[in-house]
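Colleague: need a 3D model of the following:
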Amino acid sequence: MAADRPFGIDPEEFERALREVGIEFRDLLGKAGEYIDRTGVNTLASLLGQFGQPERTRPPQPEGETTGETGSGVWVIYSIDDAGEARVEQVFPSELEALRAHRDNTDERRRVRFLPYGVPATALDTP
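Modeller: Coordinates of the predicted model:
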């Protein structure tokens with residue numbers, strides 16, 4: 001077996017086969033393009049629609065934005081004492097920073113929550 005034919009295929013034969021496949025593929029695309037032009041755009045949409053997922057209905061969005069969506073507030077790490085009163089320990093501008101600071105927490109009384117501006121920390125107290 002020669003060095004240029006490790007699998008028994010001549011490099012020229014391989015190039016010739018790829019060239020023929022390319023020509024046949026180009027002809028097939030040409031025929032598909034003619035068919036789509038002849039039948040109209042709706043056929044293309046229905047053809048591609050068979051391969052796509054149908055659009056799912058989404059639940060309606062609430063009226064207006066909430067304070068958490070607009071970002072007018074802070075993220076706090078707080079703890080609750082035996083009397084049920086909350087004490088803010090740390091304040092963060094983003095949820096990601098607060099969760100990173102809280103990730104190694106082992107105390108069940110220590111929690112993370114969004115606190116909108118103008119809402120007193122006593123809102124975190126447990127009843």
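Colleague: can you give me the helices in this protein?
Modeller: For the chain, helices defined by DSSP state H occupy the ranges 11-39, 41-49, 67-70, 95-102.
Colleague: low-confidence ranges in the protein?
Modeller: 1-7, 36-56, 61-71, 127 (pLDDT under 70).
Colleague: how about a cut-off of 50?
Modeller: 1 (pLDDT under 50).
Colleague: next, the buried residues of stretch 92-103.
Modeller: Judged by neighbour count using 16 or more other C-beta atoms under 10 Å, the buried positions of stretch 92-103 are 92, 98, 102. Where you see a C-beta, it was placed from the backbone N, CA and C, and this is true even at glycine.
Colleague: any chance of those in a markdown table, plus distance to residue 118?
Modeller: Formatted as a markdown table, the buried residues of stretch 92-103 follow (distance: C-beta to C-beta, whole Å):
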| residue | distance to residue 118 |
| --- | --- |
| 92 | 18 |
| 98 | 19 |
| 102 | 24 |
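Colleague: just name the closest of those residues to residue 59, please.
Modeller: Nearest to residue 59 among those: residue 98, at 27.3 Å, using C-beta to C-beta.
Colleague: ok, now how distant is that closest one from residue 109?
Modeller: Going from residue 98 to residue 109 by C-beta to C-beta, to the nearest Å gives 16 Å.
Colleague: cool, residue 117 as well?
Modeller: Counting by C-beta to C-beta - residue 117 and residue 109 are separated by 25 Å.
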